[in-house]
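Visitor: Sequence and predicted structure, then a few things I'm wondering about:
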There are 2 protein chains.
Amino acid sequence: MARPALSREEVLDTAAALVRAHGPDGLTMRGLAAALGTAVTSIYWHVGNRESLLDALAERTVTDLGAIRPHGEDPAERIASVAHALRRALRERPHLVAMVHERGLTERMFLPAHRALVREAHAAGLRGERAAELVRAVAFQVVGYVLVERNRERAPVQSPADQELWDAETADADPPLARALAAPVEADRLFAASVRALVTGLLAGATAPAAGDIGDKPDTGDGSVGRGPYSQ
Amino acid sequence: MARPALSREEVLDTAAALVRAHGPDGLTMRGLAAALGTAVTSIYWHVGNRESLLDALAERTVTDLGAIRPHGEDPAERIASVAHALRRALRERPHLVAMVHERGLTERMFLPAHRALVREAHAAGLRGERAAELVRAVAFQVVGYVLVERNRERAPVQSPADQELWDAETADADPPLARALAAPVEADRLFAASVRALVTGLLAGATAPAAGDIGDKPDTGDGSVGRGPYSQ
DNA sequence: ACCTGAACACCGTTCAAGT
DNA sequence: ACCTGAACACCGTTCAAGT
């Protein structure tokens, strides 16, 4: 056999490629063995069984997900930028993210983003429970949106054309509305609008910290201005 | 032989019960046959195959979902009440709803709720595209939240205790925040707060009804107006 | 018209046996 | 230490044969 020795890493790499391409259901032990050019049973020696193989892939995804860097002029903008970066990262590996989620590792995967949101919530003048609420509401919003979006893409043909549903209903009362609802969802625009609305609502009534406080907010105190604590 | 004649309805009823109890994966043709007391192959005569059986269950769920009736003093409250009713309905049959979603029937399932939201958006003074945006943002918010919630419940044990993650991070800067983030998510409260914030944001700047076309843009109607404001 | 068992091609997994 | 084929218990599905 010309095959070089099989390694756990190689098994994981090939398995990850299969999952990215065809989803978890597209990963069969026999198919993976064929892709690797080995016997099915060799895989078991390296990764145990299918379930722990998927566990390993999820674990990998958690560490693969890099840090999130907010940018923008004010806290609201910077919070929105975190939401957008998060959405993009999630959408790049939908199947793997779903696996992370099913295994209860979402919290850990989101830690960098959570921390960034905490900083921005503080900068916006929210503290304590209200800051926690913002962090979680934004995180839920992003994950939820991506989940809905993914499902929509998987099943893009809505059985009755939306037109049909809305024309009779509201055409007379509000034609632009009927037209808007008959058009396909513009996912990017809707996401931006939803995030903006949510953040606006969450920050409503928040009193920004005084100018003196905001300039040097109580960071880690290590004096490394410009570099976030997530740089590693 | 004591078995009365099998009917399509009976097959669907028993299959739905199995899906509600054990999820779609818990529905095997052999298991269903055992529950019905017939041969596996009899099921095929009545419903074709497993896939079309699941299709039928999804279709059923769509029609089962009753109309949504808003209640509350003002539009914001009534919109929130629709969101809450929707969430409850979805949570009562998570597996079936997921199946509806996978089959692209969500739009149809949501039609009653959509219509209710349109009415409230109008009452709040939103028209045209902005009203459509509200309808969709709220719908996405609810579905997304329920999806996240369901996944969280399925995998309740987050691997590192949240305490561990947050104590060191923010305990000094904002102890109440650290405490809040270390506590388990209060799903009802968070949902209520998120919906409230989203609706507040969406209605911000809306003028009372009687005003004419407000947000109407000089658009040719090609549907691809402007790229999102958040193109990073 | 309705039901049946046998058979087929797929799974994931185990295990004794190889090197 | 690493790999293998054979075998087992599951799948969904088809089909000729029953009544």
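Guide: Yep, that arrived.
Visitor: Domain-wise, how is chain A divided?
Guide: Structural domains of chain A, as assigned by automatic domain parsing, span the residue ranges A:8-63, A:64-216.
Visitor: now, of the ones you listed, which is deepest in the fold?
Guide: Comparing the domains of chain A by mean neighbour count (mean count of other Cβ atoms under 10 Å in any protein chain shown), domain A:64-216 comes out on top with a mean of 19. (C-beta placed from N, C-alpha, C; glycine too.)
Visitor: Out of the domains of chain A, which is closest to DNA strand D?
Guide: Closest approach to DNA strand D among these (Cβ to the nearest atom of the strand): domain A:8-63, 3.1 Å.
Visitor: is the closest one up against chain B anywhere?
Guide: No - judged by Cβ under 8 Å from any Cβ of the partner chain, domain A:8-63 stays clear of chain B, getting no closer than 9.2 Å.
Visitor: Can you get me the start-to-end distance on that domain?
Guide: Using Cα to Cα, to the nearest Å, the end-to-end distance of domain A:8-63 comes to 17 Å.
Visitor: Out of the domains of chain A, name the one with the poorest average pLDDT.
Guide: Looking at the domains of chain A, the lowest mean pLDDT belongs to domain A:64-216 (a mean of 82).
Visitor: Report the distance from stretch A:178-197 to the chain centre.
Guide: From the chain centre to the centre of stretch A:178-197 is a distance of 19 Å (Cα atoms, centre = their mean, to the nearest Å).
Visitor: can you list the residues of chain A near DNA strand D?
Guide: Applying Cβ under 7 Å from any atom of the strand, we find that chain A lies next to DNA strand D at A:1, A:3, A:5, A:6, A:38, A:39, A:40, A:41, A:42, A:44, A:45, A:46.
Visitor: As a markdown table, these with secondary structure would be great.
Guide: Formatted as a markdown table, those follow (DSSP: H, G, I helix; E, B strand; the rest coil):
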| residue | secondary structure |
| --- | --- |
| A:1 | coil |
| A:3 | coil |
| A:5 | coil |
| A:6 | coil |
| A:38 | coil |
| A:39 | coil |
| A:40 | helix |
| A:41 | helix |
| A:42 | helix |
| A:44 | helix |
| A:45 | helix |
| A:46 | helix |
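Visitor: Let me know the closest of those to residue A:106.
Guide: Nearest to residue A:106 among these is residue A:46, at 26.9 Å by Cβ to Cβ.
Visitor: what's the distance between the one helix or strand residue A:86 maps to and the middle of its chain?
Guide: Using DSSP states H and E, residue A:86 sits within helix A:75-92. Taking Cα atoms, centre = their mean, the mean C-alpha location of helix A:75-92 is offset from the chain mean by 8 Å.
Visitor: Past it, which element shows up next along the chain?
Guide: Next along the chain after helix A:75-92, taking DSSP H and E as the criterion, comes helix A:94-102.
Visitor: Which strands or helices does the very next helix or strand once past that next one pack on?
Guide: Moving toward the C-terminus from helix A:94-102, the next helix or strand (DSSP H and E) is helix A:106-109. On a contact count with 3 or more Cβ pairs under 8 Å, 6 or more residues apart in numbering or on different chains; DSSP states H and E, helix A:106-109 meets helix A:50-64, helix A:94-102, helix B:162-170.
Visitor: So the second one, near chain B or not?
Guide: Yes - if you take Cβ under 8 Å from any Cβ as the test, helix A:94-102 does meet chain B, through A:101, A:102.
Visitor: Contacts for that helix, please.
Guide: A:16, A:19-20, A:23-24, A:54, A:57-58, A:61-62, A:90, A:106, A:109, A:143, A:146, A:150, B:151, B:154-155 (Cβ atoms under 8 Å, 6 or more residues apart in numbering or on different chains).
Visitor: ok now do residue A:38, which residues does it touch?
Guide: Residue A:38 touches A:3, A:6, counting by Cβ under 8 Å, 6+ apart.
Visitor: can you tell me how far it sits from residue A:29?
Guide: 11 Å (Cβ to Cβ, to the nearest Å).
Visitor: Say whether DNA strand C is contacted by stretch A:36-44.
Guide: Yes - interface with DNA strand C: stretch A:36-44 contributes A:40, A:41, A:44 (Cβ under 7 Å from any atom of the strand).
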